[in-house]
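Trainee: Test case, fold it:
(2 chains)
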Amino acid sequence: MRLTPMMLARQAVHFISRNAEAINRSLERLGTGQRLHRPSDDPPGVGLALRLQSDIAATEGDRQRIEQVLPYLQAADTAIQQALSLLQRARELFLQASNDTLTAEQRQAIANELSELRKELVQVANVQVGDRFLLAGSAILTKPFVVDNNGDVVYHGDSDQLSLVLSNGERLPVTLDGRRVFQSAEDVFAVLKDAIAALQANDAARVRDTLLPRLDRAIDNILGAAAVYGAQTNRGERTINTLSAQEVSLRVALSSVLDADITEEVATYQLRQTTLQATLLAVSRILPLSLVDFMA
Amino acid sequence: MSLSVALQVALQSLLAHQTALAVASQNIANAQNPDYSRQVARLKAALPIPDPSLRDGMNWGQLGTGVTIAEISRQTDTLLLTALRLTDSRIAHHRTLLEGLGRLEALLSEPSDRGMNTLLTEFFEAWRNLSVSPENMGNRAIVIERAKLVLQRFQGLRGQLKHEKLLVHLRFETETEQLNRQLEYVARLNEQIVAAKTAGLQPNDLMDERDAVLRQIAERLSIQVFEQPNGAVLVTAGGHELISAARHRTVKVVFDADGIPNAVLEDTGDTLPLGEGMLAALREFSQQIVQTLQDRLQSLLNALAEAINAFHLRGYGLDGTTGEPFLVRVNGEWQVNPLLLADPRKLAVSATGSAGNGDIAAAIGSLAETPLSALGGRTILGAYRELVGFVAARTNGVQNAYEAFSEVHRFLQNRRDMVSGVSLDEEMVDLMRFQQAYIAAARVIQAVDNLVSQLLNRL
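Mentor: Next comes the predicted model:
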């Protein structure tokens, strides 16, 4: 084979530039800590990285949104529990008032306490976090339970239950239809109003025979709502934990696609550097060799 | 035989080796010229003359009359040159594509937290956040700002792609101009070579120059080269004659209805098949790659706008406004509905009209990963990922092909140098050989001179 200086020079330049290119790539990876810098570095990997980036954002967003609505769930839960304890008190008063030995004045006093209790119950049912009423269905800016001129409590909310839609399509209820809680099976406010009226009329029998069973039905109904709501609060908290775990595993997956293996990169870098040095040395020794130098 | 014959032979030897030295000197001078083909002075014994002193019976014997230069030959391999031109076309083709694709990759800037993927994801997240607290004016403003960012990015990308096409077309025109000059130059070289050959000369250096220019032409488009007996070359491209003897045809650029450049023969108006090379690559880049990106981006944006609007039209704003689109076309450009810009309360987030309902926002938020029939069953983010994947796979493929062809090219280039390249060591050895032969011839002259002077002195 005939070797010419041009061939040697071409080979030298080729090997030097190839090594320099590899070193440049290594340096880019080491400098940024990333394995992928442009789509062509790994076409399927880049698609996966983009997908994971979006998934992480969605998971993080879901978690933040649940964290945002969780106080609503908790506040509504507390309100319903409060309502229940108020109604327990009302039930005791009902039983007390049913006692035939009570005087009219005593019944009047119970009626007064029930009246206060009813006002408190309206307040509790109008539970609010920030500007938001939690038991008004989707009419979150409207005070749901309002006492009208007749002393009746009228529901101004709607029957639309708001829910948070997660990225996977799951729904987490955020507000409740207040009428369903307090006025569906039995209008608890009406029961109380009737009881107050009956007591004022000194009608113990009506309280005992008609109103107490109605109150019990109302309490049962609210207990049902409380159970559902409590379960949702727990579910929200569990979902946050699941999403956090998911986020971590997605980030690990993204890192394995996107990030450079620094140890491996350093090893490659050193290997390439050694190769480049060897190439440069060989080129500098071989290229100047010529018969010209040995001629007299 | 006379002494003068010996003197004549020696003189011929002097002259022949002087020429051989001159050829070696030319080789050495051009050792670093990549297009130069090594020249060799072929020594040949001169025609013998019949000599009566060598009579053998009736026949006179023959006496050598020295050495002459039969020819100064050029060391080339036409087959290798043809193969080189082929790889020249391929390499130029892939290099041109790669340059363009590299710019597109930079344009997309993925994967990063500045790319369209992030912008779209954040845009949809903003809608989801709004769905949780539709009464929050801050969240409404964020949705509108994110929408503006996404639209800006789309328009920016589209503008840059348009600019990219323009640049590529400009380059197509300059390269065609260059091609025309080279075609003309080869035709002129053809003329000079034929003239020299007719005069019995060997136009080695002109032929080197012609080969070099033919390789430059091959970088622009695929050509076939046929050598004619008279020394001229016939150059064709896809069956169309480009150069014949001293005549060449001019190529001009004609843009078709889609604005894609074509190379057309000026005299007949025939479209020139480009094969491979810079011109074909520029055309392919503009017509297939940039155009595909433009189309896909536009259909992505249209699908996005229409899908969002379909929900938004059904929704209600905080003030009860309904039936308004989220995005509107102004002069063919999608923009956020100015009505919403002026009053974000009109953003239709509620499906029922009640303030707390965010079902419309939730539905728009989940559009990111909802298959849309307008995108052939792809999701918006999925379609964008596919678009990035298209550039990625294309670039990757071209890069691999380019590297493979580079190896072939280097191999062929080395093979060419094995045949045509100048080895300085070889020339040095030749230099010594010819120098020795020259000195030897001079010795012969001296010897003859001695003989003659001996003879003259003794007389």
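Trainee: C-alpha from now on. contacts and neighbour counts both.
Mentor: Fine.
Trainee: What is the neighbour count of residue 9?
Mentor: This is for chain A. By the measure other CA atoms under 10 Å in any protein chain shown, the count of residues near A:Ala9 is 13.
Trainee: hmm, I had chain B in mind actually
Mentor: Residues within reach of B:Val9, counting by other CA under 10 Å, total 21.
Trainee: Tell me the predicted confidence for it.
Mentor: Per-residue confidence (pLDDT) for B:Val9: 91.
Trainee: How about the one 10 residues further on?
Mentor: B:Thr19 is assigned a pLDDT of 94 by the prediction.
Trainee: Could you measure from it over to chain A?
Mentor: As judged by CA to the nearest CA, to the nearest Å, B:Thr19 and chain A stand 21 Å apart.
Trainee: Model confidence for B:Met1, exactly?
Mentor: Reported pLDDT for B:Met1: 55.
Trainee: Next: B:Val452.
Mentor: pLDDT, B:Val452: 89.
Trainee: Now name the helix or strand holding it.
Mentor: Element membership for B:Val452 (DSSP states H and E) is helix B:424-458.
Trainee: could you give me the average pLDDT of the top helix by length along chain B?
Mentor: Selection of the longest helix in chain B by residue count, based on DSSP state H, yields helix B:137-198. Taken as a whole, helix B:137-198 has a mean pLDDT of 96.
Trainee: sorry, back to before: the helix holding B:Val452: which residues count as buried?
Mentor: Residues of helix B:424-458 classed as buried by neighbour count (16 or more other CA atoms under 10 Å in any protein chain shown): B:424-428, B:430-431, B:434-435, B:437-438, B:441-442, B:444-445, B:448.
Trainee: ok, now stretch A:205-213?
Mentor: A:207-208, A:211-212.
Trainee: is the longest helix of chain B up against chain A anywhere?
Mentor: No: using CA under 8 Å from any CA of the partner chain, we find that helix B:137-198 stays clear of chain A, coming within 12.5 Å at best.
Trainee: Is A:Arg2 part of a helix or strand, or is it coil?
Mentor: Here A:Arg2 is recorded as coil under DSSP: H, G, I helix; E, B strand; the rest coil.
Trainee: any idea what sits nearest it, other than its immediate chain neighbours?
Mentor: B:Met418 (5.0 Å; CA to CA, 6 or more residues apart in numbering or on different chains).
Trainee: Excluding covalently adjacent residues, which one is nearest to the residue in the stretch 101-250 of chain A positioned nearest to chain B?
Mentor: Nearest residue of the stretch 101-250 of chain A to chain B (CA to the nearest CA) works out as A:Ser138 at 4.6 Å. Using CA to CA, 6+ apart and skipping the chain neighbours, the partner closest in space to A:Ser138 is B:Gly356 (4.6 Å).
Trainee: any idea which helix or strand carries the one you found?
Mentor: Using DSSP H and E, B:Gly356 maps to neither a helix nor a strand.
Trainee: I'd guessed it sits against A:Ile140; true?
Mentor: Yes: using CA atoms under 8 Å, B:Gly356 is in contact with A:Ile140, at 5.1 Å.
Trainee: Just want to know which of the two has more residues nearby.
Mentor: The residue with more neighbours, out of B:Gly356 and A:Ile140, is B:Gly356; 32 against 25, by other CA under 10 Å.
Trainee: name the element B:Gln335 belongs to?
Mentor: Secondary structure (DSSP H and E) places B:Gln335 in strand B:333-336.
Trainee: Can you name the element that comes right after the helix or strand bottoming out on mean pLDDT in chain A?
Mentor: Using mean pLDDT, DSSP states H and E, the weakest-scoring helix or strand in chain A turns out to be strand A:171-173, at a mean of 83. Sequence-wise, the next helix or strand downstream of strand A:171-173 (DSSP H and E) is helix A:178-182.
Trainee: Remind me what that following helix packs against, helices and strands.
Mentor: Secondary-structure packing of helix A:178-182 (3 or more CA pairs under 8 Å, 6 or more residues apart in numbering or on different chains; DSSP states H and E): helix A:212-258.
Trainee: Look at B:Leu63 and report its pLDDT.
Mentor: pLDDT for B:Leu63: 83.
Trainee: What values do phi and psi take at the residue nearest to A:Ser138?
Mentor: Phi and psi for B:Gly356, reported as degrees, to the nearest 10, are phi -90, psi -10.
Trainee: and the residue of the stretch 151-296 of chain A nearest chain B?
Mentor: Counting by CA to the nearest CA, the stretch 151-296 of chain A gets nearest chain B through A:Leu291, at 5.3 Å.
Trainee: my read: that residue touches B:Glu427, true?
Mentor: No: look at A:Leu291 against B:Glu427 with CA under 8 Å: they stay out of range, at 9.5 Å.
Trainee: Run through the residues that contact the most centrally placed residue in chain B.
Mentor: The C-alpha lying nearest the average C-alpha coordinate of chain B belongs to B:Ala92 (CA atoms, centre = their mean; 1.9 Å). By CA atoms under 8 Å, 6 or more residues apart in numbering or on different chains, the residues touching B:Ala92 are B:219-220, B:277-278.
Trainee: Likewise for B:Val398?
Mentor: Neighbour list for B:Val398: B:94, B:97-98 [criterion: CA under 8 Å, 6+ apart].
Trainee: residues of stretch B:195-206 that come out buried?
Mentor: Counting neighbours by 16+ other CA under 10 Å, one finds that the buried residues in stretch B:195-206 are B:195-196, B:202-205.
Trainee: Which positions in chain A make contact with chain B?
Mentor: A:1-7, A:36-44, A:46-47, A:49-51, A:53-54, A:57-58, A:61, A:65, A:69, A:138-141, A:162, A:164-165, A:167, A:290-292.
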